[in-house]
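*Asks:* Pasting the sequence and the predicted model now:
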Amino acid sequence: MNTEFFRDYCLQKKHVEESLPFDDTTLVFKLNKKIFALLSLKDEVKSCNLKCDPEKAMSLRANYSGIIPGYHMNKTHWNTIVFDKDVSDQLIYDLIDHSYQLIFSSFSKKVQTDLNECTNR
């Protein structure tokens, strides 16, 4: 996975903002002020953290050496995906979608409706 492709994919989702709140090597993507993805910009190891359903997270970790418990995150709900291992780009895109949807669905129905209405204007 190329970091620019990852960044572009996250930014094309509705209402996503990016920032560098922690340091100059961790790009954070938020939906309505809630983090759904973090991207490491370090040259040594390219990776990202994505929110994940706990059961799905365990299954992914069992099947891919490039998916491990979330580094510096709640290890039940977050995975770290190491690029250039055994995780395909398509699976990473699917996991970005999954993470984004988990955050979106965590909002109240009113907030979800408001976000959708903002898009339809």
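*Replies:* The structure has been received and is ready for your questions. Numbers count the residues shown, from 1 in each chain.

*Asks:* ok, the residue sitting nearest the centre point of the chain - contacts?
*Replies:* Nearest to the mean C-alpha position of the chain, by C-alpha atoms, centre = their mean, lies residue 37 at 2.8 Å. Residue 37 sits next to 10, 28, 29, 48, 49, 50, 51, 96, 99, 100 when contact means C-beta atoms under 8 Å, 6 or more residues apart in numbering. Every C-beta, even on glycine, is put in place using the N, C-alpha and C of the backbone.

*Asks:* which residues does the fourth one form a beta bridge with?
*Replies:* Legend: beta-bridge partners of residue 48 under DSSP bridges are residue 39, residue 81.

*Asks:* Check whether it really touches residue 6, as I assumed.
*Replies:* Yes: the pair residue 48 / residue 6 is scored as a contact, 6.3 Å apart, by C-beta atoms under 8 Å.

*Asks:* downstream neighbour of the biggest helix by length in the chain in the secondary structure list?
*Replies:* Longest helix in the chain by number of residues, with DSSP state H as the criterion: helix 89-106. Following helix 89-106 in sequence order, the next helix or strand is helix 109-120 (DSSP states H and E).

*Asks:* would you put the C-alpha positions of that next one in PDB?
*Replies:* This file holds the C-alpha atoms of helix 109-120, laid out as PDB (Å, rounded to 0.1, in the frame of the first residue of the first chain):
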ATOM      1  CA  LYS A 109     -29.400   8.800  14.500                       C
ATOM      2  CA  LYS A 110     -29.800  12.600  14.600                       C
ATOM      3  CA  VAL A 111     -26.100  13.100  14.000                       C
ATOM      4  CA  GLN A 112     -26.100  10.500  11.200                       C
ATOM      5  CA  THR A 113     -29.000  12.300   9.600                       C
ATOM      6  CA  ASP A 114     -27.300  15.700  10.000                       C
ATOM      7  CA  LEU A 115     -24.100  14.300   8.400                       C
ATOM      8  CA  ASN A 116     -26.100  12.800   5.500                       C
ATOM      9  CA  GLU A 117     -28.100  16.000   5.000                       C
ATOM     10  CA  CYS A 118     -24.900  18.100   4.800                       C
ATOM     11  CA  THR A 119     -23.800  15.800   2.000                       C
ATOM     12  CA  ASN A 120     -27.000  16.200   0.100                       C
END
